[in-house]
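Visitor: Provided below for reference: sequence and predicted model.
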Amino acid sequence: MSPFFVMSLLFGLTFGQTASLCAPSEYTIHVEKRECAYCLAINTTICAGFCMTRDSNGKKLLLKNALSQNVCTYKEMLYQTALIPGCPHHTIPYYSYPVAVSCKCGKCNTDYSDCVRERVRTNYCTKPQKLCN
């Protein structure tokens with residue numbers, strides 16, 4: 001083997017996780033309440049990208065902790081609150097949403113992340129839309 005190949009392999013194994021493409025990404029959330037007149041389009045950031053994973057084909061030969069697959073998830077986040085316009089007085093017009101500050105590759109935490117494979121496409125408005133930055 002060439003020295004360049006060996007060095008590239010060692011570099012990839014050592015720094016592969018830091019070279020993963022997991023970072024905050026711009027995303028638009030559409031929020032509406034039945035009682036309110038408008039749908040609110042909120043610009044925020046979410047964690048998205050690629051994380052190094054392990055091939056689980058040999059799962060009978062590996063320890064259970066070696067089978068965990070890393071996902072791009074929140075390292076640090078904060079919550080912001082937006083006011084949904086056109087709500088009657090008896091309705092709470094506020095919506096709180098997460099903003100990704102930084103991301104990491106790690107195990108998926110179902111307390112604040114959706115860890116399913118297939119995503120349901122419900123991010124749309126059925127009412128007139130207002131934009132919130």
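Guide: Sure thing, it's come through. As the structure is a prediction and not an experimental result, all values here were calculated from the model.

Visitor: which SS class is residue 52?
Guide: Classification of residue 52 by DSSP: H, G, I helix; E, B strand; the rest coil places it in coil.

Visitor: For the chain, which segments are assigned as strands?
Guide: 21-32, 39-50, 71-83, 94-106, 129-132 (DSSP state E).

Visitor: could I get those strands as JSON lines with mean pLDDT?
Guide: Shown next, in JSON lines, are the strands of the chain (pLDDT from 0 to 100):
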{"stretch": "strand 21-32", "mean pLDDT": "91"}
{"stretch": "strand 39-50", "mean pLDDT": "91"}
{"stretch": "strand 71-83", "mean pLDDT": "92"}
{"stretch": "strand 94-106", "mean pLDDT": "93"}
{"stretch": "strand 129-132", "mean pLDDT": "67"}
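
Visitor: Can you convert those strands into CSV and add a column each for mean neighbour count?
Guide: Every C-beta, even on glycine, is put in place using the N, C-alpha and C of the backbone. Below are the strands of the chain laid out as CSV (neighbours: other C-beta atoms under 10 Å):
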stretch, mean neighbour count
strand 21-32, 16
strand 39-50, 18
strand 71-83, 15
strand 94-106, 16
strand 129-132, 14
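
Visitor: For the residue nearest to residue 26 when sequence neighbours are not counted, which residues are in contact?
Guide: Spatially, and ignoring its direct neighbours in sequence, residue 26 is nearest to residue 45 (6.0 Å; C-beta to C-beta, 6 or more residues apart in numbering). Going by C-beta atoms under 8 Å, 6 or more residues apart in numbering, residue 45 touches 24-27, 99-101.

Visitor: ok, so of the residues you listed, who is nearest residue 108?
Guide: The closest of these to residue 108 turns out to be residue 100 (C-beta to C-beta; 14.6 Å).

Visitor: Check the gap between that closest one and residue 25 for me.
Guide: Counting by C-beta to C-beta, to the nearest Å, the gap from residue 100 to residue 25 is 8 Å.

Visitor: Mutual contacts of these two, please.
Guide: Common neighbours of residue 100 and residue 25 (C-beta under 8 Å, 6+ apart) are 45-47.

Visitor: Can I get stretch 97-109 as CSV, trimmed to CA atoms?
Guide: Provided in CSV are the C-alpha atoms of stretch 97-109 (Å, rounded to 0.1, in the frame of the first residue of the first chain):
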residue,chain,number,x,y,z
TYR,A,97,-40.5,26.6,18.2
PRO,A,98,-36.9,25.3,18.4
VAL,A,99,-33.9,27.1,16.8
ALA,A,100,-30.7,25.0,16.3
VAL,A,101,-27.7,26.9,17.5
SER,A,102,-25.2,24.0,16.9
CYS,A,103,-25.5,20.4,15.8
LYS,A,104,-23.7,17.1,16.4
CYS,A,105,-23.7,13.5,15.2
GLY,A,106,-25.1,11.3,18.0
LYS,A,107,-27.9,9.0,19.0
CYS,A,108,-31.4,10.3,18.3
ASN,A,109,-33.2,11.6,21.4
